[in-house]
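Trainee: next come a sequence and a model predicted from it.
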Amino acid sequence: MKNLKELRELRAQEKAIKARIDEISGEATKEALVIAPEGGEFEVEGVGTFQLQLTEVIDFSDYHRYKGEDAVRWREKKVAQDQAKKYSAALTKEMKGIVDAFVAQHPDWEPDEIKATVKCVERP
């Protein structure tokens, strides 16, 4: 039971850490921009080395701003990508149904492997 206890404690810490990172990331980015406005690696004495990555974003989905051929082609690809994601999800669901039906029809069939996952359930 020792490992289960530690797992619960670590999951709680992980959740708290992720929440805190989300909470301070914006301000930390502002601090980094003051130190390295052009991006790149920089060091904060006594803390460590950091890297600020700057990424330019072009949002071709804004059809009011982007009306050119590139933007039109991008938006067409975006529609196709969204459709492919839906199709992939539908295939995954259908494949699960095939496996579930197989298992129901062959109750004595041995699985190729059994995966075990432990989750910590939070109760109010």
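Mentor: Nice, thanks for sending it over.
Trainee: model confidence over the biggest helix by length in the chain, on average?
Mentor: Counting by DSSP state H, the longest helix found in the chain is helix 69-105. In this model, helix 69-105 has a mean pLDDT of 98.
Trainee: how far does that helix sit from the chain's center?
Mentor: 18 Å (C-alpha atoms, centre = their mean, to the nearest Å).
Trainee: what do you get for stretch 63-82?
Mentor: In terms of C-alpha atoms, centre = their mean, the gap separating the centre of stretch 63-82 from the centre of its chain is 24 Å.
Trainee: buried residues in that stretch?
Mentor: Judged by neighbour count using 16 or more other C-beta atoms under 10 Å, the buried positions of stretch 63-82 are 71, 74. The C-beta positions use only the backbone N, C-alpha and C, and glycine is treated the same way.
Trainee: who's in contact with that stretch?
Mentor: 58, 59, 60, 61 (C-beta atoms under 8 Å, 6 or more residues apart in numbering).
Trainee: out of these, who has the most neighbours?
Mentor: residue 60 (16 neighbours; other C-beta atoms under 10 Å).
Trainee: and residue 109, that's in a strand?
Mentor: No - according to DSSP: H, G, I helix; E, B strand; the rest coil, residue 109 belongs to no strand; its state is coil.
Trainee: adjust the sequence numbering to begin at 29 for everything that follows.
Mentor: Got it, the first residue is 29 from now on, which makes the last one we talked about residue 137.
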